[in-house]
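Student: prediction below, plus the sequence it came from.
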Amino acid sequence: MSLEITVHEQSCRGCELCIDICPTKVFALDEEKRLCTVVHGEDCIACLSCSYICPSGAISHRDFHLVKNFYRDEEFCKKMEKFL
């Protein structure tokens with residue numbers, strides 16, 4: 001299974017917040033429709049930043065798994081110090 005990312009056209013406002021926040025440049029603005037579209041879905045790392053920032057909830061992801069943010073786990077960081 002591979003990750004699927006979708007922008008729901010009926011909900012998208014064309015605010016471009018997803019374009020601005022995406023670290024891998026998955027989105028582009030369709031100038032004609034004034035809507036954000038997925039142009040490089042294969043580059044999505046499922047950080048979900050776009051979903052969180054979208055004011056209209058127009059972005060959805062399927063077939064991804066959540067990874068724990070180890071850098072926020074103080075005990076884990078102490079264990080890993082010797083490797084850094």
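Tutor: Here it is on my side, so go on.
Student: next up, the contacts around the residue nearest to the spatial centre of the chain.
Tutor: Central residue of the chain (CA atoms, centre = their mean): Leu48, 3.6 Å from the mean position. Taking CB atoms under 8 Å, 6 or more residues apart in numbering as the criterion, Leu48 is in contact with His61. Placement of C-beta: from N, CA and C, glycine included.
Student: where does this protein have low pLDDT?
Tutor: Low-confidence segments of the chain (pLDDT under 70): 1, 66-73, 76-77, 80, 83-84.
Student: which stretches of it form strands?
Tutor: For the chain, the strands defined by DSSP state E cover 4-7, 27-30, 35-38, 59-62.
Student: can you put those in TSV and add mean neighbour count and distance to Ile53?
Tutor: Listed next are the strands of the chain as TSV, based on neighbours: other CB atoms under 10 Å; distance: least, CB to CB, whole Å:
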stretch	mean neighbour count	distance to Ile53
strand 4-7	17	13
strand 27-30	17	11
strand 35-38	19	12
strand 59-62	16	9
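Student: reformat those strands as JSON lines; add distance to Lys78.
Tutor: Listed next are the strands of the chain as JSON lines, based on distance: least, CB to CB, whole Å:
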{"stretch": "strand 4-7", "distance to Lys78": "35"}
{"stretch": "strand 27-30", "distance to Lys78": "38"}
{"stretch": "strand 35-38", "distance to Lys78": "40"}
{"stretch": "strand 59-62", "distance to Lys78": "32"}
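Student: so which of those strands is nearest Gly14?
Tutor: Closest of those to Gly14 is strand 35-38, at 5.3 Å (criterion: CB to CB).
Student: okay, now the sheet partners of the closest one, with direction.
Tutor: The strands beside strand 35-38 in its sheet (DSSP bridges) come out as strand 27-30 (antiparallel).
Student: send the alpha carbons of the strand it pairs with over as CSV?
Tutor: Only the C-alpha atoms of strand 27-30 are listed here, as CSV (Å, rounded to 0.1, in the frame of the first residue of the first chain):
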residue,chain,number,x,y,z
PHE,A,27,1.0,20.9,-3.8
ALA,A,28,0.6,23.5,-6.5
LEU,A,29,-2.0,26.1,-7.2
ASP,A,30,-4.3,25.5,-10.2
